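S.K.: Sequence isn't available, so here's the structure alone:
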Ligand SMILES: Nc1ncnc2c1ncn2[C@@H]1O[C@H](COP(=O)(O)OP(=O)(O)O)[C@@H](O)[C@H]1O
Ligand SMILES: [Mg+2]
């Protein structure tokens with residue numbers, strides 16, 4: 001579904017990505033691990049058009065999308081969350097999720113949420129229903145009308161996932177979706193990610209949490225200092241000498 005070939009990106013003297021190849025197959029939960037600073041977020045930023053790579057290509061379903069504008073890439077079916085991403089505090093949970101539609105109609109739909117149902121347009125109703133479905137998938141249906149500012153950290157992270165899902169992506173990129181969470185909360189996030197995959201969305205999860213990604217992923221790619229040092233099923237990654245030395249040794 002997604003093919004990243006020879007991707008490189010530097011920031012001054014820092015080579016954040018160095019000739020990285022990754023292929024994401026449809027229907028997978030694909031984990032990307034690596035210590036802090038290994039280039040995981042930079043990879044997402046290049047794939048979603050927020051950064052222009054220095055070299056390499058990115059193709060979605062065989063069509064090159066390298067350096068397309070972010071909104072074009074979003075419209076082609078790639079949605080993401082941000083590491084420690086923020087919600088709009090003056091809006092409800094539902095409004096935050098609806099604004100993720102991000103096609104120019106999202107904000108109008110937020111206004112519509114304040115009106116009575118019978119004056120909503122069909123399009124607005126559709127966005128509302130999609131947002132409720134996305135919230136349900138994230139286990140937050142009952143929190144739809146709460147203020148975003150009243151949520152605890154874990155709930156905010158889950159709303160971010162719902163906000164990405166409302167765009168009905170075929171490929172969902174999650175950047176550290178369980179950062180700052182306890183064991184029980186991490187398990188909940190894993191369950192949600194599995195549910196998302198079962199609904200037909202291909203998922204790429206970036207994390208420095210080895211244990212979580214080993215549990216969750218069908219396939220794992222390991223980055224270290226901007227280079228891919230290993231790739232395979234979790235069992236093979238766990239025993240890979242390069243991974244043990246370069247990554248686990250650094251913990
Ligand atoms: N916008 C930027 N400007 C300068 N350096 C950056 C920028 N983004 C990332 N970097 C650097 O690139 C490297 C990789 O960062 P990042 O992709 O955020 O790693 P990770 O997500 O794996 O923790 C780090 O050394 C980081 O400091
Ligand atoms: Mg990061």
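M.R.: Perfect, I can see it now. This is a predicted model, so every value here is computed, not measured. Ligands and ions are numbered 1, 2, ... in the order given.
S.K.: Residue 218: neighbour count?
M.R.: Residues near residue 218, counting by other CB atoms under 10 Å, number 14. Any C-beta I mention is one placed from the backbone N, CA and C, and that applies to glycine too.
S.K.: confidence score at whichever residue of the chain sits closest to ligand 2?
M.R.: Distances between the chain and ligand 2 by CB to the ion are smallest at residue 41, namely 3.2 Å. Model confidence at residue 41, given as pLDDT, is 97.
S.K.: Check residue 85 too.
M.R.: Per-residue pLDDT puts residue 85 at 80.
S.K.: What of the one 5 residues further on?
M.R.: In the prediction, the pLDDT value recorded for residue 90 is 89.
S.K.: do you know how far it is from residue 25?
M.R.: Residue 90 sits 41 Å away from residue 25, going by CB to CB, to the nearest Å.
S.K.: centre of the chain versus whichever strand or helix holds the residue of the chain closest to ligand 2, how much separation?
M.R.: In the assignment (DSSP states H and E), residue 41 maps to helix 40-47. The chain centre lies 10 Å from the centre of helix 40-47; the measure is CA atoms, centre = their mean, to the nearest Å.
S.K.: do the same with stretch 202-211
M.R.: 9 Å.
S.K.: near ligand 1, which residues of this protein show up?
M.R.: Contact residues, the chain versus ligand 1 (CB under 6 Å from any ligand atom): 11, 14, 16, 34, 36-42.
S.K.: Of these, keep whichever come out buried.
M.R.: Among the residues of the chain next to ligand 1, those classed as buried by 16 or more other CB atoms under 10 Å are 16, 34, 38-42.
S.K.: For the helix holding residue 41, which helices and strands make contact with it?
M.R.: For helix 40-47, the elements it packs on are strand 2-11, strand 14-24, strand 29-33, strand 171-175, strand 202-207, judged by 3 or more CB pairs under 8 Å, 6 or more residues apart in numbering; DSSP states H and E.
S.K.: how big is the angle separating that helix from strand 29-33?
M.R.: On the basis of axes from the mean of the first three to the mean of the last three CA atoms, to 10 degrees, helix 40-47 is oriented at 130 degrees to strand 29-33.
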